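show me how the following folds:
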Amino acid sequence: MTVSLLPEPELQFANTGHHVDIRFGIRNHGPLALSDRLAPTEIRVGLIGTPETIQGVKDWLEHCRTGLPARLSKKPNLFPAFPGFSKDSCFACDIVITDRLERAINPRQFNDLIKNKPRDEAARQAVDWFIAECQFLQDKAPVDVFVCAPPAEFMEFLDARLIEKAPDEEEAEPEDAEGDEDAPSGVDFHDLLKARGLALRKPIQMARPATYDENAKPTMRGGEKRRVQDPATRAWNFHTAIYYKAGGIPWRLVRDASSDCFIGVSFYRSLDAKSMQTSVAQVFNERGEGVILRGGDAEPISKDPKEDRQPHLSEDNMRSLIKDVLEAYRSEHKHAPPRVVIHKTSSFNKAERDGCHAALDELQIDGRDLVVVSRSFTRLFRVGQYPPLRGTYAELDSKHHLIYTKGSTEFYKVYPGLYVPRPLEFYCEDTQTPGRKLAGEILALTKMNWNNTQFDNSFPITIHAARQVGSILKYLQRDSGIQRSYAYYM
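Below you'll find the model as predicted:
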């Protein structure tokens, strides 16, 4: 076994500015879109909620407009100040909310749901109300992003009646829970809202009470309470997500002009848990621009514990999935990528390998790497009390590799997590690229999550997005239309 430390990948911002950190990069250089002349200069927000939540969001956005101070901390790189969001800030963009862009829902309607309806029925009814108001706004006024702000009492009602799974010690980090078929049962209000919102012309941003109200109780996620972030961090995450959903690219990977294509493949069960698992693909190039596609049904999983019990696609379904993904890439970029990297959450069987190669051969793409990415139960230890550094890479053998995407972080001068970090294991199923480069790409792709401006995410965006998309698509019928932009799912 050989162990080495990979450098923290840099990101590119406006005017070719580089930085390892998202927030410092935007603050120092501006979002990438400013260089492309595609940056939004104002974002018209359609705001839906009760009169109280609408006013709460508006007051908070106005409070954030001129900036928020950094959290008092000995780790200033982890908790930087928010620079504000206006045409005079580094974002060079204003958020516009007018009376014409607001739609209020009577709070008595939510109170009636709390008193008289079962949890899941209440969640579905509330989603119907929000979607109806979004549709009304999009027919009456120009909107760039919808912001839906449910009342705190209603979210507490949903949380209190959620069938919870007890978190498993360090395995319970929220990011790990996404796409997990053993996650808490019951309708997920956020995911159902996003699923129904795929029929709209613009994406939805959900504003949870704890985002804008300091006195609100934190909501649940994965069977445990969400951590409440400091005000500046909440502002960074919310405004950056809004900026992306309005069409602005905040940052990208620093790469050459070849535009390698990264594909994430994961699986999810239908809502009734009776149908076969179905694949989801997420394509990303170096800009982080992705295309969502829904693949074919998975093969039946063997009930024999001695046989492979992971979900798999047939050769034809895998071939069709990869071909559809790359045709969407070619349509967007006017050329095929020189290299394709496929990240999958379960092992490749022979049919899937053959399907991948058939599609790539047909499209005359020579560069290809098939990689299985999962959590590892193998751990490394540093001398002392601190976890391994983020970027620690171990080559176990020619096929098996480890990469710490969570851990002590040099730029932050601390380990920012709450749980003992586990590395990712990636298995080189069929690869041409050295393991060290594949590890570096995985590490870089953890920084492409537009919902989180703290860059040390656990999973690469290929896997994170595929799971996130699956948790939303399970609420749709198999023949329902979907949006291809990732902005609708985050």
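
below-threshold pLDDT in the stretch 351-490 of the chain: ranges please.
The stretch 351-490 of the chain contains no residues with pLDDT under 70.

could I get the full set of helices for it?
All helices of the stretch 351-490 of the chain, identified by DSSP state H, counting those that start in this stretch, fall at 435-445, 461-473.

mind checking how far Ala70 is from Tyr475?
39 Å (C-beta to C-beta, to the nearest Å). The C-beta positions use only the backbone N, C-alpha and C, and glycine is treated the same way.

who has more neighbours out of the two?
Tyr475 (20 against 15; other C-beta atoms under 10 Å).

what about that one, distance to Arg196?
From Tyr475 to Arg196 the distance is 8 Å (C-beta to C-beta).

got it, and Glu10?
Taking C-beta to C-beta, one finds Glu10 at 38 Å from Arg196.

just checking, next helix/strand downstream of the one helix or strand in the chain whose mean pLDDT sits lowest?
The weakest-scoring helix or strand in the chain, judged by mean pLDDT, DSSP states H and E, is helix 174-177 (a mean of 44). As assigned by DSSP states H and E, the chain's next helix or strand after helix 174-177 is helix 189-197.

other residues contacting that next one?
123-124, 126-128, 130-131, 134, 146, 148, 150, 155, 158, 203-204, 206, 471-476, 488-489 (C-beta atoms under 8 Å, 6 or more residues apart in numbering).

what about 7 Å?
123-124, 126-127, 130-131, 134, 148, 158, 204, 206, 471-473, 475-476, 488-489 (C-beta atoms under 7 Å, 6 or more residues apart in numbering).

and stretch 85-96, how far apart are its ends?
Start to finish, the residues bounding stretch 85-96 are 11 Å apart (C-alpha to C-alpha, to the nearest Å).

who touches that stretch?
With C-beta under 7 Å, 6+ apart, stretch 85-96 has contacts from 26-27, 30-31, 34, 39-45, 61, 64-65, 83, 239, 243.

just the buried residues out of those residues, in ChimeraX syntax.
For the buried members of the contacts of stretch 85-96, the matching ChimeraX selection, counting by 16 or more other C-beta atoms under 10 Å, is:
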select :26,27,30,31,34,39,40,43,44,45,61,64,65,83,239,243
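
coming back round to it: more neighbours, Glu10 and Arg196?
Per other C-beta under 10 Å, whichever of Glu10 and Arg196 has more neighbours is Arg196, with 20 against 17.

tell me how far the more buried one lies from Val469.
As defined by C-beta to C-beta, Arg196 lies at a distance of 15 Å from Val469.

same thing with Val254?
26 Å.

domain map for the chain?
Listed by automatic domain parsing, the domain ranges of the chain are 40-245, 253-488.

orientation of the lengthiest helix in the chain relative to helix 189-197 in degrees?
Counting residues, the longest helix found in the chain (DSSP state H) is helix 119-140. Here the directions of helix 119-140 and helix 189-197 differ by 40 degrees (axes from the mean of the first three to the mean of the last three C-alpha atoms, to 10 degrees).

what comes into contact with the following helix or strand past helix 119-140?
Using DSSP H and E, the helix or strand that follows helix 119-140 towards the C-terminus is strand 145-149. Residues from elsewhere that reach strand 145-149, judged by C-beta under 7 Å, 6+ apart: 43, 45-49, 53-54, 57, 130, 134, 193, 200, 202-207, 242, 245-246.

re earlier: ok and the longest helix of the chain relative to strand 145-149, angle-wise?
Using the same axes, to 10 degrees, helix 119-140 lies at 140 degrees relative to strand 145-149.

what mean pLDDT does helix 119-140 have?
Averaging pLDDT along helix 119-140 gives 97.

that one: which residues count as buried?
119-120, 122-124, 126-127, 129-131, 133-135, 137.

over to stretch 460-477?
Burial within stretch 460-477, assessed by neighbour count using 16+ other C-beta under 10 Å, is assigned to 460-476.

ditto for stretch 73-86
Asn77, Leu78, Phe79, Pro80, Ala81, Phe82, Pro83, Gly84, Phe85, Ser86.

just to check, the second one is in contact with Phe411?
Read it as Leu78. No - under the criterion of C-beta atoms under 7 Å, Leu78 makes no contact with Phe411, lying 8.5 Å away.
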